[in-house]
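> Requesting a structural model of the entry that follows:
(one chain, ligands or ions: 1)
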Amino acid sequence: MNIYVFLGPPGVGKGSLSKLCVEKLGWQQLSTGNLCRMHIANQTDIGKKIDFIIKSGKLVPDDVITEMVSDWLIKNYDSNRTIILDGFPRTVIQAKAIDDLLKEKFPGSKINVVKLIIPEKTVISRLTSRLICGNSKCQAVYSTMTKALAPKDINVCDKCSCKLIKRQDDNEQSIKERLAVYNEHENELLKYYSKNQKILDLNVEKNLDEVFEDFKKLINLK
Ligand SMILES: [Zn+2]
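Below is the predicted model of the structure:
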């Protein structure tokens with residue numbers, strides 16, 4: 001199994017780059033955020049657990065996230081396709097858990113780590129201008145900042161016509177707090193991964209098409 005892990009703060013564009021890799025390269029994307037919301041919407045056992053934890057105001061613990069990712073890999077793994085992990089692993093504990101899982105179930109798998117680099121200022125303005133489709137089956141993301149990502153109607157999703165919402169925690173204060181927590185985890189992850197491999201750096205303060213071209217060059221794809 002060939003796996004790419006995209007590291008970078010929320011709002012850096014991991015989701016958009018992953019989407020291009022899926023559309024243009026035929027890769028498979030595993031987004032833990034989307035997967036959580038999907039499990040909750042479908043009321044699965046994992047979903048009920050996650051829903052309860054979130055409603056109690058807690059962070060979803062490592063073992064629950066890892067259980068969800070293992071479950072997905074075992075059900076969806078296709079040996080011909082590269083997998084992108086989006087939003088996972090977030091902590092060294094999760095990184096070790098996925099390493100153990102791969103060793104056991106998918107020997108010979110390789111994890112490649114790509115660090116998406118962008119100034120914090122840019123992340124903050126991206127996140128404060130973000131709108132998300134309120135339909136849990138759609139979850140399309142828009143931005144009022146860039147024309148290409150803006151919805152046709154500021155209130156309505158282009159794809160499914162559901163109402164667009166602003167995430168409650170997409171305000172500057174809580175974004176700064178999230179970034180601080182994120183950076184701490186990222187530093188630990190980078191330390192963990194750089195023991196065994198070279199981390200690939202990708203500058204993402206460009207338009208998405210350029211970022212995608214740079215990414216293909218970085219991993220030697222034509
Ligand atoms: Zn929608």
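> For the rest of this, base every contact and every neighbour count on C-alpha atoms.
Fine.
> Report the buried residues of the lengthiest strand in the chain.
Taking DSSP state E as the criterion, the chain has its longest strand at strand 110-117. By 16 or more other CA atoms under 10 Å, the buried positions in strand 110-117 come out as 111-117.
> How about stretch 176-196?
Within stretch 176-196, the residues scored as buried using 16+ other CA under 10 Å are 176, 179, 182, 185-186, 189-190, 193.
> Stretch 121-138 too?
Taking 16+ other CA under 10 Å as the neighbour-count basis, stretch 121-138 is seen to contain the buried residues 123-135.
> Give me the subset of those residues lying in strands.
Reading strands off the buried residues of stretch 121-138 with DSSP E, I get 130-133.
> Run through the residues you listed and flag the ones next to the ion.
Cross-checking these against the ion (CA under 5 Å from the ion) gives residue 133 as the overlapping residues.
> Farthest pair within the ones in strands among the buried residues of stretch 121-138?
The largest separation in these, counting by CA to CA, is between 130 and 133 at 10.3 Å.
> Can you tell me which residues in the chain are near the ion?
Contact residues (CA under 5 Å from the ion) of the chain with the ion: 133, 138, 157, 160.
> Save those residues as TSV, and put in distance to residue 206, pLDDT and secondary structure too.
Rendered in TSV, the data for the residues of the chain next to the ion read as follows (distance: CA to CA, whole Å; pLDDT from 0 to 100; DSSP: H, G, I helix; E, B strand; the rest coil):
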residue	distance to residue 206	pLDDT	secondary structure
133	25	94	strand
138	26	91	coil
157	25	96	coil
160	29	97	coil
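> Common neighbours of residue 130 and residue 133, please.
residue 141 (CA atoms under 8 Å, 6 or more residues apart in numbering).
> quick one: pLDDT of residue 149?
Model confidence at residue 149, given as pLDDT, is 85.
> wait, doesn't it sit right on residue 131?
No: contact between residue 149 and residue 131 fails when scored by CA atoms under 8 Å: they sit 9.8 Å apart.
> what do these two both touch?
Residues touching both residue 149 and residue 131 by CA under 8 Å, 6+ apart: 142-143.
> Extract the CA atoms of the longest helix seen in the chain and return them as CSV.
Across the chain, the longest stretch assigned as helix under DSSP state H is helix 172-194. Listed in CSV are the C-alpha atoms of helix 172-194, where the atom choice follows Å, rounded to 0.1, in the frame of the first residue of the first chain:
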residue,chain,number,x,y,z
GLU,A,172,-9.8,34.4,14.7
GLN,A,173,-9.4,33.7,18.4
SER,A,174,-10.3,30.0,18.2
ILE,A,175,-8.4,29.6,14.9
LYS,A,176,-5.2,30.8,16.7
GLU,A,177,-5.8,28.4,19.5
ARG,A,178,-6.4,25.5,17.1
LEU,A,179,-3.2,26.4,15.2
ALA,A,180,-1.1,26.5,18.4
VAL,A,181,-2.3,23.0,19.3
TYR,A,182,-1.9,21.8,15.7
ASN,A,183,1.7,23.1,15.5
GLU,A,184,2.7,21.3,18.7
HIS,A,185,1.4,18.0,17.3
GLU,A,186,2.9,18.6,13.9
ASN,A,187,6.4,19.1,15.4
GLU,A,188,6.2,15.8,17.2
LEU,A,189,5.0,14.0,14.1
LEU,A,190,7.8,15.5,12.0
LYS,A,191,10.3,14.4,14.6
TYR,A,192,8.8,10.9,14.5
TYR,A,193,8.7,10.5,10.7
SER,A,194,12.0,12.2,10.0
